[in-house]
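In: Pasting the sequence and the predicted coordinates here, then a few questions.
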Amino acid sequence: MNRMDAYTYNVFRYIPNPSRREERQALETAAGVFCLNRTSTMPMPTDFPERISSNSEAFIPEANSSIYSTHGLYDSEFQFTRFDVWFPDPFGGPTWAHFTEIHDFATGLSYQYNHTTRQCKVSDINTFFGDAETVSDQPNLVQMGSPQHLLVTDGMSYHYTGEKRCRDRLWCHVWIGEKYLSNETVQHQEWYWSSSMNGEPLQHSFPVKMVWRTYVKGALTNSFETTIFNYRRNPMTIFEIDFALADCYRSLGPSENFNLAVLSFTVANDKKYPVFENLNYLRLHIFETLIFALFIRPIRISNLIVDQNESNDILVTFTLLDAAPRTGPVEVPIKESSLDTLIERLNAVIDSNALTFRARVNAKQIILRARPDSLNIRHQSSQKKVRSTGPRITGLWIGFITAGVIIGAVTGFLVFKKLATA
């Protein structure tokens, strides 16, 4: 039997002479739709720098529709990541919980610090957080993963689906991918990366939003949407560890062999230079010089305070961490000097009048020196005593430091120039 169908169309938002973007959007698939055999016309971004940091807010319906605020950083040069999360009390209380997790891939250790209870837990790094992956042919060992691995973009095939407006005045490229697992489980991801702002193409695209859904036998089992802010390329991440790791050491204490010391020394300012007019510059160069003089990683120094005493001299106070008492499942764990060795080393350099710092007065640089015999151990959690290793070793180290002042004036300054002059 022949049948004739009749249709009535209502046309709205008629746009004569559409722009190229409007033409492309008319041919794009609906938002969130994954086409299995689509040919992707644009690859996902891959130009990640060595250091990345960002803030984000994740909306998680399964967690009482809560919003989790996070801050994360990734530093492949110094081999550590940090993840902070703030979330509301799951029992409905008025306070928010704050947790920090630091992964030190140089030692293979993970530090989890609860800012509310001030308790810390140390464990081996594993692959749960996504910043670590197993070593080839050595499944019991882990190493720092790539930025693609951290962002969960390396195990899935993504299809480019076009551009969508993702914020006011901001348009984004959109990629969608799906991964098929056992038990009829499907992982669905959508990534939104900036393309243009106010109609102007952006030189560096940055992530704006990520949508994650999991389906089991066609039914949605969990989902969350993460909005990303303050994405920064190559930030000065060495300062963002700061006091969190030191607080972890304080929580664990000597009973777990996690020791620290609070040290201070005086920098002579006999000519009463107005160096505090450029305090950030001075503080950064003191930090830089201490790292070089002690030959340590930046994460072992924190809570650096630069103040002025009654004699117009400069009082420097900071926290120095001991080497970790053990290492985790990494292929080549770092070997670091102990706290006692570092205190002795710093004392020898100060007493030899070899510890110098650069300061800025108006448009000129001046050199300041730490006063001999000014090192003060204000607190040391371990009960060990600092012992001398003899004049030969001490003299050799001082020689390296004296030469290092010249080398550091060039190489070290370049590392800190950008932030110090900001």
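Out: It's in.

In: need the contact list for the most centrally placed residue in the chain.
Out: Geometric centre of the chain, nearest residue: residue 73, 2.1 Å, by Cα atoms, centre = their mean. Residues in contact with residue 73 (Cβ atoms under 8 Å, 6 or more residues apart in numbering) are 51, 52, 53, 54, 81, 82, 235, 237, 240. (Each C-beta comes from the backbone N, C-alpha and C, glycine too.)

In: The third one sits in which helix or strand?
Out: It refers to residue 53. For residue 53, the element it lies in under DSSP states H and E is strand 51-60.

In: What are the buried residues along that strand?
Out: Under the neighbour-count criterion of 16 or more other Cβ atoms under 10 Å, strand 51-60 has 51, 52, 53, 54, 56, 58, 60 buried.

In: Would you mind measuring from the first one to residue 252?
Out: From residue 51 across to residue 252, the span is 27 Å (Cβ to Cβ, to the nearest Å).

In: about what we covered before: what's the closest non-adjacent residue to the residue nearest to the centre of the chain?
Out: For residue 73, ignoring the flanking residues on the chain, the nearest one in space by Cβ to Cβ, 6 or more residues apart in numbering is residue 53 at 4.0 Å.

In: surely the one you found meets residue 235?
Out: Yes. Between residue 53 and residue 235 a contact is recorded at 4.7 Å, counting by Cβ atoms under 8 Å.

In: Mind listing what's buried along stretch 339-353?
Out: Judged by neighbour count (16+ other Cβ under 10 Å), stretch 339-353 contains these buried residues: 339-352.

In: ok, now stretch 364-381?
Out: Within stretch 364-381, the residues scored as buried using 16+ other Cβ under 10 Å are 368, 370, 371, 372, 374, 375, 380, 381.

In: so how far does that stretch reach from one end to the other?
Out: 41 Å (Cα to Cα, to the nearest Å).

In: what about residue 367, helix or strand, and which?
Out: Here residue 367 is assigned to strand 364-369, by DSSP H and E.

In: elements contacting that strand?
Out: The contact analysis (3 or more Cβ pairs under 8 Å, 6 or more residues apart in numbering; DSSP states H and E) places strand 364-369 against strand 356-361.

In: Direction included, what does the strand it packs on pair up with?
Out: Paired with strand 356-361 in the same sheet, following DSSP bridges, are strand 364-369 (antiparallel).

In: which outside residues touch whatever helix or strand comes next after the strand it pairs with?
Out: Proceeding N to C from strand 364-369, the next assigned helix or strand is strand 376-380, under DSSP H and E. Applying Cβ under 8 Å, 6+ apart, the set of residues contacting strand 376-380 from outside is 259, 260, 261, 262, 263, 264, 265, 317, 339, 343.

In: now strand 376-380, how far from the centre of its chain.
Out: Distance of strand 376-380 from the chain centroid (Cα atoms, centre = their mean, to the nearest Å) equals 30 Å.

In: in the stretch 301-422 of the chain, which segments are predicted with low confidence?
Out: For the stretch 301-422 of the chain, residues meeting the criterion pLDDT under 70 lie at 383-422.

In: ok, now with 80
Out: Along the stretch 301-422 of the chain, the model assigns pLDDT under 80 to residues 382-422.

In: got it, and the stretch 151-300 of the chain?
Out: For the stretch 151-300 of the chain, applying pLDDT under 80 flags the ranges 151-156, 237-242.

In: For it, just list every one of the strands.
Out: Ranges of strands in the stretch 151-300 of the chain, per DSSP state E, counting those that start in this stretch, are 158-167, 170-181, 185-197, 200-201, 207-216, 219-233, 260-267.

In: and the fourth one, which strands flank it?
Out: Strand 200-201 has these partner strands in its sheet, going by DSSP bridges: strand 185-197 (antiparallel).

In: List the buried residues of the strand it pairs with.
Out: For strand 185-197, by 16+ other Cβ under 10 Å, it's 186, 187, 188, 189, 190, 191, 192, 193, 194, 195, 196.

In: residue contacts, the closest residue to residue 287 other than its chain neighbours?
Out: The shortest distance from residue 287 to any residue other than its chain neighbours is 5.6 Å, reached at residue 304 (Cβ to Cβ, 6+ apart). Contact partners of residue 304, counting by Cβ under 8 Å, 6+ apart, are 283, 286, 287, 290, 316, 317, 318.

In: Could I get the contacting residues of the second one?
Out: Going by Cβ under 8 Å, 6+ apart, residue 286 touches 267, 304, 306, 316, 357.

In: Among those residues, which one lies nearest to residue 136?
Out: Set against residue 136, the nearest of the contacts of residue 286 by Cβ to Cβ is residue 304 (39.6 Å).

In: Helix or strand: which one has the closest one?
Out: Going by DSSP H and E, residue 304 is part of strand 301-308.

In: just the angle between that strand and strand 356-361, please?
Out: For strand 301-308 against strand 356-361, the angle by axes from the mean of the first three to the mean of the last three Cα atoms, to 10 degrees is 50 degrees.

In: Pull out the buried residues from the next helix or strand after strand 301-308.
Out: Sequence-wise, the next helix or strand downstream of strand 301-308 (DSSP H and E) is strand 314-321. By 16+ other Cβ under 10 Å, the buried positions in strand 314-321 come out as 314, 315, 316, 318, 319, 320, 321.
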